[in-house]
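1. Just need the structure, nothing else, for what follows:
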Amino acid sequence: MILLLLGLATELLYLALYLIPDYHSRLFPFLGLFSIQFALYFVAVAFLLKRAPQEKFFIPILVLSVLFHLTLLPSHPIFEDDIYRYIWDGKMLLNGINPYQYPPGSQELLALRDTTIWPFINFKHISTIYPPFSQVLFAFAYWCVPDSVIAMKTLIVGFNFLLIYLISLLLKHLGMNRNMVLLYAWNPLVLKETANSGHMDPFAACLLFASILMLIRHRHLMAVFFYALAILSKLYPLLLLPFYFKRVGIKGVLFLFGVLALFYGPFFIGIDLHELFYGLKTYAKYWVFNPGLYFLTHSVFSLFAENPTMWTKVLHGVILSGIVVILAKRDDGGTRSLLHSSFFLFGTMIILSPVANTWYLLCIIPFLCIFPSLPWLLFSFLALAGYSFFFEHRDIPWIRWMEYAIFYIALITANFRSKGFPMASDYAKVFSKDFFRFFSKVITKKADNPE
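-> Here you go, the predicted model:
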């Protein structure tokens, strides 16, 4: 009864979003509504965690999640415009044009410009950054209904529904409470970034979870195929390559590279490697938005380094690579080990990244159903502070400091509390230990082998 009431109250708040006609000039009503959404969400999560598992809640959780998605589906994207790029890329592919070759603003594409999609595309001077399988899905949505935001969002929401189903299957396999799927299915940030804004992140997350389920069933060829499609949707699953190598061997990895080559191959026709990855290289070189630890590291290097941006990215890349090595060595080849390492690495990636867009958290929130963590649940709410950029169309440092200070304090506190709030995750504990152990090893080696 309590979950039902919380769900109905949540639905009323999603309907209330339609009463705000211009979000760009009314940032605070938007943030106020979503703050209340998160308050209801946290109450629902606490309710589940404090009660013994009851199967009767599972279907209502799914039905209400579907209702939330369908309510937001027709809504105009709030503070977002990436979906117009998806539609444009799909249009290019169906017109036989390589989206990696020509940016939307190029003169060669003048004849294809329209008044419904093209004017709203961001960064028209940069070619696409999205990998090949995402391009295929964009083209499919465009083929179904040309120039349609609703069609593209429907495809994305469809993948999100499938992801929710796969999470529930995984929870059942692990002998866990299937109701924990609520942590993803009801998360207001997830709903905002998929059903409203139409971000394509569910593609990669869904395919990765499908791959993990195939590994559980010892169908390694299908596991590698879905893993390849996950990488071809968004590149971050590449971090798990050493863990897949341990499970599928050299033949599986060769098959993986074969699938990657099969999808990338056609896009090489008529262009060179520089053109194919120009958009991605531009993003990696110049993009900075809502950074946390990256900002602090960059500030330190700015005191003495000639190129602080380069040194910050090098240092963070080394840290992330070192953690991959540490976790790969500890990996026991089991399902929980792979899931925990995925959660660990994707969280570390977000912490170290120069770009922390709100929708990037969609790579880690599915894992909260398995590793419920108060710091990361809290961060999924705090990440909304990133939208403060639209208040004055510039970064507001004190808001970003508050966002990350609360998150890091929660992360550190969870590490030192063996008892207390039930959402304090083992992830936070292991992360802190591994993080400092990694540096202690490096320091020890330097002390033992002085130059």
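2. What is the neighbour count of residue 256?
-> 20 (other CB atoms under 10 Å). C-betas here are computed from N, CA, C, even on glycine.
3. Please tell me how far it sits from residue 175.
-> Taking CB to CB, to the nearest Å as the measure, residue 256 falls 30 Å from residue 175.
4. Residue 85 sits in which helix or strand?
-> helix 82-94 (DSSP states H and E).
5. isn't there a helix covering residue 176?
-> No. Under DSSP: H, G, I helix; E, B strand; the rest coil, residue 176 sits outside any helix and is assigned coil.
6. That one and residue 370 touch, don't they?
-> Yes. Using CB atoms under 8 Å, residue 176 is in contact with residue 370, at 6.8 Å.
7. ok, the two, which is more surrounded?
-> Comparing residue 176 with residue 370 by neighbour count (other CB under 10 Å), the higher total belongs to residue 370, at 21 against 15.
8. Let's see the pLDDT reported for that one.
-> Turning to residue 370, the model gives it a pLDDT of 95.
9. Assign a three-state SS to the closest residue to it other than its chain neighbours, would you?
-> Of all residues not flanking residue 370 in the chain, residue 339 sits nearest, at 5.8 Å (CB to CB, 6 or more residues apart in numbering). Secondary structure assignment for residue 339 (three-state DSSP): helix.
10. So what's the residue count around residue 339?
-> The number of residues near residue 339, taken as other CB under 10 Å, comes to 18.
11. That one: what's it in contact with?
-> Contact partners of residue 339, counting by CB atoms under 8 Å, 6 or more residues apart in numbering, are 170, 212, 367, 370-371.
12. Against residue 164, how distant is it?
-> Distance of residue 339 to residue 164, computed by CB to CB: 16 Å.
13. Also residue 84?
-> As for residue 84, its distance to residue 164 is 26 Å (criterion: CB to CB).
14. Tell me where the stretch 1-150 of the chain has helices.
-> Counting by DSSP state H, counting those that start in this stretch, the stretch 1-150 of the chain has helices at residues 2-16, 27-50, 58-72, 82-94, 132-144, 149-173.
15. Of those helices, which stretch is the most buried?
-> Among those, ranked by average contacts under mean count of other CB atoms under 10 Å, first place goes to helix 82-94 (a mean of 23).
16. distance between that one and the chain's centre?
-> Centroid displacement of helix 82-94 relative to its chain, using CA atoms, centre = their mean, to the nearest Å, is 20 Å.
17. Same check on stretch 333-351?
-> 13 Å.
18. Take the helices of the stretch 1-150 of the chain and lay them out in TSV including mean pLDDT and distance to residue 389.
-> As requested, the helices of the stretch 1-150 of the chain are arranged in TSV below (pLDDT from 0 to 100; distance: least, CB to CB, whole Å):
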stretch	mean pLDDT	distance to residue 389
helix 2-16	94	23
helix 27-50	91	10
helix 58-72	96	22
helix 82-94	97	15
helix 132-144	98	25
helix 149-173	97	22
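19. Of all those, which one is nearest residue 238?
-> Taking CB to CB, helix 132-144 is the member of these nearest to residue 238, at 13.7 Å.
20. what's next to that closest one, contact-wise?
-> Identification of contacts with helix 132-144 by CB under 8 Å, 6+ apart yields 86-87, 89-91, 93-94, 99, 128, 130, 148, 151-152, 154-155, 200, 203, 229, 232-234, 263-264, 266-267.
21. one more time with 7 Å, if that's ok
-> With CB atoms under 7 Å, 6 or more residues apart in numbering as the test, helix 132-144 has contacts from 86-87, 89-91, 93-94, 99, 151-152, 155, 200, 203, 229, 232-233, 263-264, 267.
22. Next, the angle helix 149-173 makes with it.
-> 130 degrees (axes from the mean of the first three to the mean of the last three CA atoms, to 10 degrees).
23. chain center to helix 132-144: distance?
-> For helix 132-144, the separation from the chain centroid amounts to 20 Å (computed by CA atoms, centre = their mean).
24. Please go through the chain and pick out the longest helix.
-> For the chain, the helix that runs over the most residues, judged by DSSP state H, is helix 241-268.
25. what sits up against the helix or strand encompassing residue 320?
-> Element membership of residue 320 [criterion: DSSP H and E] is helix 308-330. Residues outside helix 308-330 that contact it (CB under 7 Å, 6+ apart) are 239, 242-243, 294, 297-298, 301-302, 305, 341, 344-345, 348-349, 352, 434, 438.
26. Please point out which parts of that helix sit buried.
-> The neighbour-count check on helix 308-330 (16 or more other CB atoms under 10 Å) flags 308-309, 311-313, 315-316, 319-320, 322-324, 326-328 as buried.
27. could I have that helix exported to CSV, CA atoms only?
-> C-alpha atoms of helix 308-330 as CSV (Å, rounded to 0.1, in the frame of the first residue of the first chain):
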residue,chain,number,x,y,z
PRO,A,308,47.9,21.2,-16.7
THR,A,309,45.2,19.7,-18.9
MET,A,310,47.5,17.2,-20.4
TRP,A,311,49.1,16.2,-17.1
THR,A,312,45.7,15.9,-15.4
LYS,A,313,44.4,13.6,-18.1
VAL,A,314,47.6,11.5,-18.0
LEU,A,315,47.5,11.1,-14.3
HIS,A,316,43.8,10.2,-14.2
GLY,A,317,44.4,7.8,-17.1
VAL,A,318,47.2,6.1,-15.2
ILE,A,319,45.1,5.8,-12.0
LEU,A,320,42.2,4.3,-13.9
SER,A,321,44.5,1.9,-15.8
GLY,A,322,46.2,0.9,-12.5
ILE,A,323,42.8,0.1,-10.9
VAL,A,324,41.9,-2.0,-13.9
VAL,A,325,45.1,-4.0,-13.4
ILE,A,326,44.5,-4.4,-9.7
LEU,A,327,40.9,-5.6,-10.1
ALA,A,328,41.8,-7.9,-13.0
LYS,A,329,44.4,-9.6,-10.8
ARG,A,330,41.9,-10.1,-8.1
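28. Just want the angle from it to helix 241-268.
-> Inter-element angle recorded for helix 308-330 and helix 241-268: 130 degrees (by the same axes, to 10 degrees).
29. mind checking how far helix 308-330 is from the chain centre?
-> 19 Å.
30. follow-up on the earlier one: I'd like the next helix or strand past the longest helix of the chain.
-> Next element after helix 241-268 (DSSP H and E): helix 273-276.
31. What's the first helix or strand after that following helix?
-> Counting by DSSP H and E, the next helix or strand C-terminal to helix 273-276 is helix 278-286.
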